[in-house]
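1. Quick one, what's the 3D model for this:
(chains A and B)
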Amino acid sequence: MSRSGSDVSASDLPLSTQLAVNDFALFDLPQRFAQNRAELDTRWKDLQREAHPDKFSAQGTAAQRVAMQWSVRINEAYQRLKDPLRRAAYLCELGGAAIQAENNTAMPTAFLMQQMAWREALDDASDFVVLEALHDEVSLAHREGLTRCEHCIDVAHDLHQAAQEVRALMFIARFARDIEQRLDALDQR
Amino acid sequence: MALLQISEPGQAPDPHQRRIAVGIDLGTTHSLVASVRHGVAECLPDSDGGVILPSAVRYLEGDGRQIGHAALLAQADDPQNTLVSVKRFMGRGVADIANRDKLPYQFVDKPGMLAIHTRAGDKSPVEVSAEILATLRFRAEDTFNDDLYGAVITVPAYFDDAQRQATKDAAQLAGLNVLRLINEPTAAAIAYGLDQASEGVYAVYDLGGGTFDISILRLTRGVFEVLATGGDSALGGDDYDRALAYHVQAATGCRIDTPADKARVLVAARACKEALSSSQSATLVVSLSGGDIQYTVSRAEFEAATAALTQRTLAAVRKALRDAQLSKDDVQGVVMVGGSTRMPQIQSAVEALLGRPPLNNLNPDEVVALGAAIQANQLAGNNPDGELLLLDVIPLSLGIETMGGLAERIVPRNQTIPTAMAQDFTTYQDGQTALALHVVQGERDLVADCRSLARFELRGIPPMAAGAARIRVTFTVDADGLLSVAAREQMSGVEANITVKPSYGLSDDQIAHMLQDSFKTAEQDIQARALVEARVDADRMWLATQSALQADGDLLSPESRAHIDSLLAATLAAKELTDAAAIEVATEALAKGTEAFAAQRMNRGIQHALAGQNIETL
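-> From the prediction side, this is the model:
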């Protein structure tokens, strides 16, 4: 997105082009894994202050339509940037190392064994305490995986390795959600 | 229902005049209308000085209706024609209503939404709600002696798409311009002005007559960010009444058979429940067909009989905290909303769970309408420097049906709105030109356990080999929480035609029919109303464009400016016509013709926001 001082030239680009810049450019943040969450939140709110459809409620349908597209785009970028796993996956895709989880299902044996052990533990778990402990263990593995992602992306600049970490983390995140569903169900009783 | 004030043609409204905008709390048991006057939000009273309008409509012999207090008084004597708590039936079918045998109504199964049989025919919950909304609209118009620009109407945060759409339909029937639907907990947070304090996380516990919401919000100056929302749109004070009534039945062995019995015992139970909020015991007194009942209930007995209901609300609070990834220690304050929160058991249960006493200083009956009025004032443009920004969420996941009756999630719950998600589909047969999609809402894995929202048929896909087509379907949820769908075949660029068959809701024909019925007289009234609305819309679009030109006209080339000026002139000329459709055409042309200009203005705003960041970092 051009950062020229002239408003008119940037404004002349068609809306579709303006919306198509990557999330980091949209939020004017450096394109890297390490981010300041507080700053991201502030940027998001500042952008929505400008673009939210409610701001244009009294200004006609054309303005509201455009606002809707911007607001949706800004929310999309925020969701992606604030979630570390999605951010890592996005950085891999931007760098040409697409995740393509469906085509890359091969995982290291040790990893698969861990997944199976966790599955069995979830099947056997029947009370809150056991489930919370399992959740803590999985969360730790999740955090460690993200730390490795950060190193691969920001330090080693090895996006293919990062993509592999992301694929593994997708398994782990899915499993964490399954535990959370079970915790929710227990609480409903 | 009286209706139209046709404005004089040629009378251009003063662009600097304050627009009259109201907030409406369309509650299960009580409804209110509020507006900001002299900078302060106030509930508007009726001619007797009361602000509450009971959400009750009674259909009389002939064409008459009683709405509000008068209807409520007749509830026990004319139970089948006095409709109360219809909010519980909005967007719902007969099978959805639990405990319907304990209600005095004759439910009618209709495609789209249930109806209730009355002496005046089968009435949809939408029609009944429209009567309540229209009464509030007239109250506001009488107060201001002027037309309303628009209204913000509140809905429970946990209302799904069908319930929200039904609410909008009711407002349309009542002749209201809906500026936005906003969630009740968010409205309450606005009224409390919590954003004025330092940044913090607040929980809003909203237990109304028929619905329960829990919302976790992060508030900073002017910005209300919803982190998570949960609840139960079929749990409220009414359920406490019913539990008490049937506890008494079990204790006394009395029979509750006739519709009049059912209505009377609920009325008596409500009175008893309310008395127990300020006394340790109260007596439930009711005349049933099988005899009179007098039963003294202690508060402890009542609380034991209703503990399970309270526990359900607490489970929803815990889940919302988990969804927000917060613990109770992160919550700075708790706001209680809704008359049912006056019950001591609710106050103490919430304090025990969240570890702090709740904020109660605003009237829990009025707080939602007041918050809605503040938002309405802003949306009407009366407060151009206002900072209020609501970043709300979709409460329930949206999914589509896939093979084997599974629901594949496309928009997760608690995602900030507005939002859009795209999904690619392809054809499975050579030459296939249509595609069917079934959209559901809910958290369960099976479609059968979710709420069916609509079936979409995409037509006009160019015939290709099986699997060759790439149809991108975009699901957009707007700021009201309502879903719309668009589809485009990527290879050819063809936009598919979408026919929506909502599973719950009113078809355009049904709405047109209701509009007709409500007018009772002929075509002329409908046409006249359509003409007024077309002129009002044209005015709004014209004014909005003028102020946009004033602010950012420098963005336009002389040719673009001339083009817009000619569209403005055309719109002004069209207003003099007597054909609503022709006026609408001109208005739409102005809207389309200024879209590029709107995009440029937005970009300027965004650049401005980002430039502000740069200056700070320098």
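2. Surely residue B:109 touches residue B:92?
-> No: shown here, residue B:109 and residue B:92 do not form a contact pair, counting by C-beta atoms under 8 Å, at 11.3 Å. In short, each C-beta sits where N, CA and C put it, glycine included.
3. Name the residue in the two with the higher neighbour count.
-> Taking residue B:109 and residue B:92 together and counting by other C-beta atoms under 10 Å in any protein chain shown, residue B:92 has the greater number of neighbours (20 against 10).
4. is it fair to say the more buried one lies in a helix?
-> No: according to DSSP: H, G, I helix; E, B strand; the rest coil, residue B:92 belongs to no helix; its state is coil.
5. Run through the residues that contact it.
-> Going by C-beta atoms under 8 Å, 6 or more residues apart in numbering or on different chains, residue B:92 touches B:113, B:114, B:125, B:162, B:163, B:504.
6. Check these one by one and keep those near chain A.
-> Filtering these for proximity to chain A by C-beta under 8 Å from any C-beta of the partner chain leaves nothing.
7. Among those residues, which lie within helices?
-> When those are checked against helices using DSSP state H, the ones located there are B:125, B:162, B:163.
8. Could you report the neighbour count for the second one?
-> This means residue B:162. Residue neighbour count, defined by other C-beta under 10 Å, stands at 24 for residue B:162.
9. what's the spacing between the residue lying closest to it once chain neighbours are set aside and chain A?
-> Spatially, and ignoring its direct neighbours in sequence, residue B:162 is nearest to residue B:91 (3.3 Å; C-beta to C-beta, 6 or more residues apart in numbering or on different chains). Relative to chain A, residue B:91 is positioned 23 Å away (C-beta to the nearest C-beta, to the nearest Å).
10. where does the stretch 151-300 of chain B dip in pLDDT?
-> Applying pLDDT under 70 to the predicted model, the residue ranges of the stretch 151-300 of chain B that meet it are B:195-198.
11. where along chain A do the helices fall?
-> A:7-11, A:15-19, A:23-27, A:37-51, A:61-82, A:84-94, A:109-124, A:128-150, A:159-188.
12. ok so, going back, would you mind confirming that the residue nearest to residue B:162 is in contact with residue B:168?
-> No: contact status for residue B:91 versus residue B:168: not in contact, 10.6 Å apart, counting by C-beta under 8 Å.
13. Between those two, which is the more surrounded one?
-> Between residue B:91 and residue B:168, counting by other C-beta under 10 Å, residue B:91 is the more crowded of the two (29 against 18).
14. what pLDDT does the more buried one get?
-> What the model reports as pLDDT for residue B:91 is 92.
15. how about the helices in chain B?
-> So, for chain B - with DSSP H - the helices run B:69-73, B:125-144, B:161-173, B:184-191, B:237-252, B:259-276, B:299-323, B:344-354, B:367-379, B:508-519, B:523-552, B:558-574, B:580-593, B:595-617.
16. Residues contacting the fifth one, please?
-> So the one you mean is helix B:237-252. For helix B:237-252, with C-beta under 8 Å, 6+ apart as the criterion, the contacting residues are B:28-29, B:85, B:88, B:99, B:102, B:207-210, B:254-256, B:265-266, B:268-270, B:272-273, B:284, B:293, B:295, B:297, B:301-302, B:305-306, B:309, B:338-340, B:343.
17. Restrict those to the buried ones and give me that as a PyMOL selection.
-> Provided next is the PyMOL selection string for whichever of the contacts of helix B:237-252 are buried by 16 or more other C-beta atoms under 10 Å in any protein chain shown:
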select buried, chain B and resi 28+29+85+88+207+208+209+210+254+256+265+266+268+269+270+272+273+284+293+295+297+301+302+305+306+309+338+339+340+343
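18. pretty sure residue A:55 is in contact with residue A:68, am I right?
-> No: no contact is recorded between residue A:55 and residue A:68 when judged using C-beta under 8 Å, the distance being 11.3 Å.
19. So for these two, which residue has more residues nearby?
-> For residue A:55 versus residue A:68, neighbours defined as other C-beta under 10 Å are more numerous around residue A:55 (24 against 19).
20. in chain A, what spans have low per-residue confidence?
-> Using pLDDT under 70, chain A drops low at A:1-14, A:188-189.
21. Can you tell me the centre-most residue of it?
-> The geometric centre of chain A, computed from its C-alpha atoms, lies nearest to residue A:86 (C-alpha atoms, centre = their mean), at 2.6 Å.
22. And for chain B?
-> Taking C-alpha atoms, centre = their mean, chain B has its central residue at residue B:155, 3.5 Å away.
23. show me what contacts that one?
-> In this structure, residue B:155 makes contact with B:26, B:163, B:164, B:167, B:181, B:182, B:183, B:184, B:481, judged by C-beta under 8 Å, 6+ apart.
24. Over to residue A:141?
-> Neighbouring residues of residue A:141 by C-beta under 8 Å, 6+ apart: A:114, A:172.
25. cutoff 7 Å now
-> The neighbours of residue A:141, taking C-beta atoms under 7 Å, 6 or more residues apart in numbering or on different chains as the test, are residue A:172.
26. I'd like the distance from it to chain B, if you could.
-> Residue A:141 sits 18 Å away from chain B, going by C-beta to the nearest C-beta.
27. Okay, that residue and residue B:384: tell me how far apart.
-> Using C-beta to C-beta, to the nearest Å, we find residue A:141 at a distance of 51 Å from residue B:384.
28. cool, and residue A:164?
-> Taking C-beta to C-beta, one finds residue A:164 at 52 Å from residue B:384.
29. And the two? Which one has more around it.
-> Higher neighbour count among residue A:164 and residue B:384: residue A:164, with 21 against 9, using other C-beta under 10 Å.
30. so residue B:214 makes contact with residue B:320?
-> Yes: in this structure residue B:214 lies within contact range of residue B:320 using C-beta atoms under 7 Å: 4.8 Å.
31. Can you pull the domain assignment for chain A?
-> As given by automatic domain parsing, the domain ranges for chain A are A:7-82, A:101-188.
32. The ones you listed into JSON lines, with extra columns for distance to residue B:141?
-> Formatted as JSON lines, the domains of chain A follow (distance: least, C-beta to C-beta, whole Å):
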{"stretch": "domain A:7-82", "distance to residue B:141": "20"}
{"stretch": "domain A:101-188", "distance to residue B:141": "46"}
